[in-house]
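Participant: Predicted model and sequence below, questions to follow.
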Amino acid sequence: MAREAVNGAAMSKSRIAYQWIKARIADGTFSPGYRLVLGQLAQELGVSVVPIREAIRLLEAEGLVTFERHVGAQVAMADESEYQHTMQTLALVEGYAAALAAPLLPPAALARARTLNTELAACLGHFEPARFTALNRDFHAVLFGPCPNPQVLDLVRRGWDRLSGLRTSTFSFVPGRARESVAEHEHILGLLGRGAPAAEVERAVREHRLATLDAFLAHRRH
């Protein structure tokens with residue numbers, strides 16, 4: 001019984017460490033290439049290195065962290081081909097998820113999405129990539145959240161998790177894309193507001209996602 005309690009506490013600390021590190025990867029505090037020093041992280045969280053090591057393993061399994069001999073754990077670097085493949089896949093699954101979710105989206109959720117997009121627009125004057133990134137993810141999560149297919153929803157969330165290490169950098173690379181993104185959000189909100197057919201919603205969300213990919217690739221070519 002005592003051993004089970006110890007294991008439960010260790011798992012709880014590992015989960016806390018996992019969520020803490022993952023949040024800092026998502027908001028850009030730990031940017032691509034950032035070295036994750038176990039001892040330093042353990043000290044910041046006030047735990048031993050054991051739960052930190054377990055958290056790193058979980059993040060490595062999700063592709064957010066890499067581990068190299070003689071280097072240690074690092075936040076995964078931006079990989080253009082992986083980013084491209086993830087965005088293409090996410091365009092398909094998120095578009096479908098949003099189409100399935102549309103008829104189930106309550107008025108309060110649509111109002112929340114409008115508020116979030118207003119906040120995104122407000123970020124454009126004094127652009128803050130980390131804040132824009134967080135609001136952007138919240139906006140999309142509102143739209144695909146009611147998706148009734150749990151497997152599709154899981155694929156969407158996994159895709160967003162894989163992108164989280166690069167997302168802030170993307171908007172930093174192509175700040176003009178942020179303004180276009182807000183305008184495309186308005187178009188999607190308009191479709192949802194008038195109860196447009198599912199196929200239109202799916203196409204709009206898919207094209208929105210692919211437009212971000214196209215902007216990123218165009219920037220890399222120059």
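Facilitator: In hand now; what should we look at?

Participant: okay, CA-based contacts and neighbour counts for the rest of this
Facilitator: OK.

Participant: I'd like the next helix or strand past the one helix or strand residue 163 maps to.
Facilitator: Element membership of residue 163 [criterion: DSSP states H and E] is helix 150-173. Scanning forward in sequence from helix 150-173 by DSSP H and E, the next helix or strand is helix 175-193.

Participant: quick one: that next one to chain centroid distance?
Facilitator: Relative to the centre of its chain, helix 175-193 is centred 18 Å away, using C-alpha atoms, centre = their mean, to the nearest Å.

Participant: Return the set of buried residues in that helix.
Facilitator: Across helix 175-193, burial judged by 16 or more other C-alpha atoms under 10 Å covers 175, 177-178, 181-182, 184-189, 191-192.

Participant: and which of those is nearest to residue 204?
Facilitator: residue 188 (6.4 Å; C-alpha to C-alpha).

Participant: Need the pLDDT of that closest one.
Facilitator: Model confidence at residue 188, expressed as pLDDT, equals 98.

Participant: how about low-confidence regions in this protein?
Facilitator: For the chain, applying pLDDT under 70 flags the ranges 1-11, 28, 77-78, 165-173, 175, 220, 222.

Participant: Which parts of the protein are helices?
Facilitator: Taking DSSP state H as the test, the helices found in the chain are 2-26, 38-45, 49-61, 80-101, 107-123, 129-144, 150-173, 175-193, 198-221.

Participant: Quick one, which of the ones you listed gets closest to residue 70.
Facilitator: Taking the helices of the chain one by one with C-alpha to C-alpha, helix 38-45 is closest: 14.0 Å.

Participant: Residues contacting that closest one, please?
Facilitator: The contact list for helix 38-45 (C-alpha atoms under 8 Å, 6 or more residues apart in numbering) reads 17, 48, 49, 52, 53.

Participant: could I get those residues as a markdown table with distance to residue 38 and neighbour count?
Facilitator: Below are those laid out as a markdown table (distance: C-alpha to C-alpha, whole Å; neighbours: other C-alpha atoms under 10 Å):
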| residue | distance to residue 38 | neighbour count |
| --- | --- | --- |
| 17 | 11 | 22 |
| 48 | 9 | 15 |
| 49 | 6 | 18 |
| 52 | 6 | 26 |
| 53 | 7 | 20 |
